[in-house]
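Peer 1: Take this sequence and fold it.
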Amino acid sequence: MKNTDLLMVPYFRDLNEECLKLIENNSTLKSFPKGSYVFHADDKCTHLYIVKSGLIRIYINGEDGREITIHYVDDGKFMGDTILFNEERYGANASAIEDTELIVIENRSLEKIIHQYPEIGIRMLADFGHRLKRMMSLMGEMALSDVRKRLLRLLSELAKEHGANKNGKIILDKVTTQEEMAWRIGTTREVLCRELHRLEKEGVLTADRGKIVINDITTLKGKVPVHDDPIFPMKRY
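Peer 2: This is a model prediction of the structure:
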C-alpha cells in the first residue's frame, strides 16, 4: 500500500510523512467483491477498516430475522472502530454493496500508532461521536413515528440528496430498491408498498419501476418535520 492510498482518508491528509509511513507499514490493502462479508456481528473485533474505494453496508439482524441497516461506509470512512473501546465483538455485520477495497489495520498496530500520534485517535473518536448522534436520532424516529411518517421523511431526504427538479416535480430516477427503502425505515417491503400506494392515491407521488416522481415536494414536507441533517442511512448513487 502507498501513502497516496492514505491521503484520500480525510483524517490522514494533513499528517506528516513520518506518521503516514508508520500507518503504511502497519496496514494492508484487501479486496472484497460485491456481496461478500467483511465481518459478522459475533466476530472478534481485531481490525480497523478504512474504505479506499467502494461501499459497505453496516447492519444488524432483528429477532424476527429482519435486517436493519445502521449506516453505509464509503470512501475514506472508518468501520470497526469499536476497538478503540476495547470491545470484544464488532456488534454489527458488514457486507460489500459493490466491489470494495479496504485499508486494514490490526488492533495492536493501531494502538501503537495512536500511542505515537494521539491526534489520530481524537479524530476517530470525533467521527464515532457524529455517527452515534445520528444513530440516536434514528432510534428516536423508529420508536416515535409510524411507518408513514418515516417514509415521508426518507422521501424528503432522498429528494434533497438526489432529486432532480423538472417542471416543479422532483424526479428520483436513481432511487434505491424498495427492499432497501424498507430496511432504512425499519419495515417490510410489503408494508412499504402499501404506503407508497396510499401516497399515490393522495396524489403526493407517482411510483413507477425504478423511479419515483414527487408531485408536490412542499406538500410532502408539510406532512412531517424535516431534520437539518439526514437521519436515515444514506447510500450514494
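
Peer 1: Ramachandran coordinates for the residue nearest the centre of the chain?
Peer 2: Nearest to the geometric centre of the chain sits Y72, at 2.0 Å (CA atoms, centre = their mean). Backbone torsions of Y72, given as degrees, to the nearest 10, read phi -110, psi 150.

Peer 1: Mind checking what secondary structure Y11 has?
Peer 2: helix (DSSP: H, G, I helix; E, B strand; the rest coil).

Peer 1: Kindly tell me how buried the nearest residue in space to it that is not next to it in sequence is, as a neighbour count.
Peer 2: Spatially, and ignoring its direct neighbours in sequence, Y11 is nearest to R123 (4.1 Å; CB to CB, 6 or more residues apart in numbering). C-betas here are computed from N, CA, C, even on glycine. Per other CB atoms under 10 Å, the neighbour tally for R123 reads 17.

Peer 1: So K133 versus A126, what's the distance?
Peer 2: Separation of K133 from A126 (CB to CB, to the nearest Å) stands at 11 Å.

Peer 1: actually A207, not the one I wrote
Peer 2: A207 is 39 Å from A126, by CB to CB.

Peer 1: between those two, who's got more neighbours?
Peer 2: A207 (16 against 10).

Peer 1: Do I have it right that that one meets E200?
Peer 2: Yes: the pair A207 and E200 qualifies as a contact (CB atoms under 8 Å) at a distance of 5.9 Å.

Peer 1: how about the closest residue to V9 other than its chain neighbours, secondary structure?
Peer 2: Leaving out its chain neighbours, the residue that sits closest to V9 by CB to CB, 6+ apart is G76, at 4.7 Å. Classification of G76 using three-state DSSP returns coil.

Peer 1: my guess is G76 contacts G54, does it?
Peer 2: No: between G76 and G54 there is no contact under CB under 8 Å: 11.3 Å.
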